[in-house]
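J.: sharing a sequence plus its predicted fold:
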Amino acid sequence: MRKRSTFRAVLTTALVVLLAAVVVGAASAGDGDHKKGDGGKQSTETHATATTAASTAAATMTTVASGLDNPRDLAFGPDGKLYLAQAGHGGPFCLPGGHEGGGDTCVGFTSSIGWIDQSSGTVHNVVDDFVSVADSHGFGATGLDGVSVAPNGTVYGIETGSSRSTPPGLPFPEWAINKANSQFGRLISVSGGATSTDANVGDFDFDWTLDHQSLVPDQFPDANPYGVLALPNERWVVDAGANTLDRVRPDGSIQVVAFFPNPAASDAVPTCVEQGPDGALYIGELTGGGNPPGSSVVWRWTAASGLHEWATGLTAVTGCGFGADGQFYAVEFSKLGLDNAAPGTGALVRVLPGSTSPTTIVDDLNFPGGFAGGSDGSLYFSNWSIAPAASGLGSVERVTLP
């Protein structure tokens, strides 16, 4: 997911919490009675409280797919299918002591993009066998983290990292290193069953940060392409390592159009990008470790006006977008901020233009990730977007507003 020097350390801390039996309690009692799934549909519905300044109303939350593998971004296609990026769980090639906190860093090809049959909860693969990096438990993985579907039905995915940051002398098979390096940081497209590489965003952004180290001197150079938006004539990528908004043209050329300014501590860490009803781009940010709750911003960008704050007071945003009602929604990884992230502290919120704090729609969530708004007014998010591979806790939830 995020910068090795910030978010990766938070994932390690959260893993300790999970392995201290929090997962057992949450899996057996909470979160809609999730089961370690085989892709079968979960029929359990729960009711969550949505509180506004004036009233309290119940929203219904239903599990539409479970047993997922670090589920991240969500996107609807023009065919009405709900697409899902799964970051995977690393793999068999491990570097001892290479993970933050002293654990192993393990690489494999377990990341994928699929679509969810909401009648059965089955996930049908669109593309798989993509590189994933995690710890030895398959926890805190990064891989194909972002997904978007163009109006013509072409499915786009964005892969983490950059081949520029692959350390030399890894004790892995040469074929695995070459395969990983050919996938790191790539913007891919899938059309008619064929997968293509459209641009090497990761290497481009790594080189850009190498030339702009003064912007975040303690963490640059870095690259972690994370969110993608596919529009008819261009693709947009937010890089959670370079802290940039990138335009990818049809010929594969890349342009950095905006750099997200640093908050009080660490850096911005943009994670999601969507186009609003007004044609502008809206970007949510996680913010790096050390920032208190309320430090995250929603940014608005247009070619004419550039980058401007649109709303403030959010916390650790990992997914965002617009609902059928034209309202902007975001998922907050933890309302306590990254440094105190724990299961049961995430939220789905509504964000009004110019607001200084969001309105909670559903809370008590477990490390929520991506977001998508359905045409029928339902809201979707991925839950347990980070979890050990063996837990089977990852799910996609549908929220029906009253």
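T.: Cool, the structure landed. Numbering: from 1, shown residues only.

J.: where does pLDDT dip in the stretch 51-200 of the chain?
T.: Along the stretch 51-200 of the chain, the parts satisfying pLDDT under 70 run over 51-57, 98-102.

J.: all the helices of it, residue numbers only.
T.: 174-181 (DSSP state H, counting those that start in this stretch).

J.: which residues in it form strands?
T.: Along the stretch 51-200 of the chain, the segments classed as strands by DSSP state E, counting those that start in this stretch run 56-68, 71-76, 82-86, 93-95, 105-117, 122-134, 144-149, 155-159, 186-191, 194-200.

J.: which of the ones you listed sits closest to residue 251?
T.: Between residue 251 and these, the tightest spacing by Cβ to Cβ is seen for strand 194-200, at 9.1 Å. Where you see a C-beta, it was placed from the backbone N, CA and C, and this is true even at glycine.

J.: model confidence for residue 19, exactly?
T.: Note on residue 19: pLDDT of 36.

J.: nope, residue 26 is what I meant
T.: 37.

J.: how far off centre is stretch 286-298?
T.: In terms of Cα atoms, centre = their mean, to the nearest Å, the centre of stretch 286-298 is set 16 Å apart from its chain centre.

J.: do the same with stretch 60-78
T.: 12 Å.

J.: number the chain from 33, please
T.: Fine by me, first position is 33 from now on; the one you just mentioned is stretch 92-110.

J.: related to what we said a few turns ago, I'd like the strands of the stretch 83-232 of the chain as a markdown table, with distance to residue 365 appended.
T.: Formatted as a markdown table, the strands of the stretch 83-232 of the chain follow (distance: least, Cβ to Cβ, whole Å):
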| stretch | distance to residue 365 |
| --- | --- |
| strand 88-100 | 17 |
| strand 103-108 | 11 |
| strand 114-118 | 16 |
| strand 125-127 | 26 |
| strand 137-149 | 19 |
| strand 154-166 | 17 |
| strand 176-181 | 13 |
| strand 187-191 | 19 |
| strand 218-223 | 24 |
| strand 226-232 | 27 |
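
J.: could the ones you listed go into CSV alongside distance to residue 295 and mean neighbour count?
T.: Shown next, in CSV, are these (distance: least, Cβ to Cβ, whole Å; neighbours: other Cβ atoms under 10 Å):
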stretch, distance to residue 295, mean neighbour count
strand 88-100, 30, 19
strand 103-108, 23, 27
strand 114-118, 26, 28
strand 125-127, 31, 18
strand 137-149, 27, 23
strand 154-166, 26, 21
strand 176-181, 21, 28
strand 187-191, 23, 28
strand 218-223, 27, 20
strand 226-232, 28, 16
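
J.: which of the ones you listed sits closest to residue 425?
T.: Set against residue 425 and scored by Cβ to Cβ, the strands of the stretch 83-232 of the chain come closest in strand 88-100, at 8.1 Å.

J.: look at the closest residue to residue 196 other than its chain neighbours and give its secondary structure.
T.: Leaving out its chain neighbours, the residue that sits closest to residue 196 by Cβ to Cβ, 6 or more residues apart in numbering is residue 238, at 4.2 Å. The three-state assignment at residue 238 reads helix, by DSSP: H, G, I helix; E, B strand; the rest coil.

J.: report the separation between residue 238 and residue 367.
T.: Per Cβ to Cβ, to the nearest Å, residue 238 is found 32 Å from residue 367.

J.: let me know which of the strands of the stretch 83-232 of the chain is the nearest to residue 348.
T.: Proximity to residue 348, assessed across these by Cβ to Cβ, is greatest for strand 103-108 (14.5 Å).

J.: contacts for that closest one next, please.
T.: The contact list for strand 103-108 (Cβ atoms under 8 Å, 6 or more residues apart in numbering) reads 33, 114-119, 176-181, 259-260, 304, 351, 401-407, 412-417, 426-428.

J.: can you dump the C-alpha coordinates of that strand into CSV?
T.: Extracted in CSV, the C-alpha atoms of strand 103-108 (Å, rounded to 0.1, in the frame of the first residue of the first chain):
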residue,chain,number,x,y,z
PRO,A,103,-9.0,-6.4,-1.4
ARG,A,104,-8.3,-2.9,-2.5
ASP,A,105,-9.9,-0.7,-5.2
LEU,A,106,-13.4,-1.1,-6.7
ALA,A,107,-14.9,0.2,-9.9
PHE,A,108,-18.0,-0.3,-11.9
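
J.: so in that sheet, which strands flank that strand, and in what orientation?
T.: When sheet partners are counted by DSSP bridges, strand 103-108 sits next to strand 114-118 (antiparallel).

J.: distance from the chain centre to the partner strand, please.
T.: The answer for strand 114-118 is 11 Å, by Cα atoms, centre = their mean.

J.: and for stretch 381-391?
T.: Mean C-alpha position of stretch 381-391 versus that of the full chain (Cα atoms, centre = their mean) differs by 20 Å.

J.: ok so, going back, ok, how many other residues are close to the residue nearest to residue 196?
T.: Number of residues near residue 238 (other Cβ atoms under 10 Å) recorded here: 25.

J.: ok, residue 257 next?
T.: Neighbour count for residue 257, taken as other Cβ under 10 Å: 30.

J.: just grab the bridge partners of it for me.
T.: Assigned bridge partners for residue 257, using DSSP bridges, are residue 271.

J.: quick one: contacts for it?
T.: By Cβ under 8 Å, 6+ apart, the contact list for residue 257 reads 178, 190-193, 217, 219, 233-234, 237, 269-273, 278.

J.: can you give me the helices for the stretch 233-382 of the chain?
T.: Under DSSP H, counting those that start in this stretch, the stretch 233-382 of the chain gives helices at 233-243.

J.: for it, which segments count as strands?
T.: Residue ranges of the strands in the stretch 233-382 of the chain, as given by DSSP E, counting those that start in this stretch, are 257-263, 266-271, 276-280, 286-291, 302-307, 313-317, 328-334, 338-346, 349-354, 360-364, 378-383.
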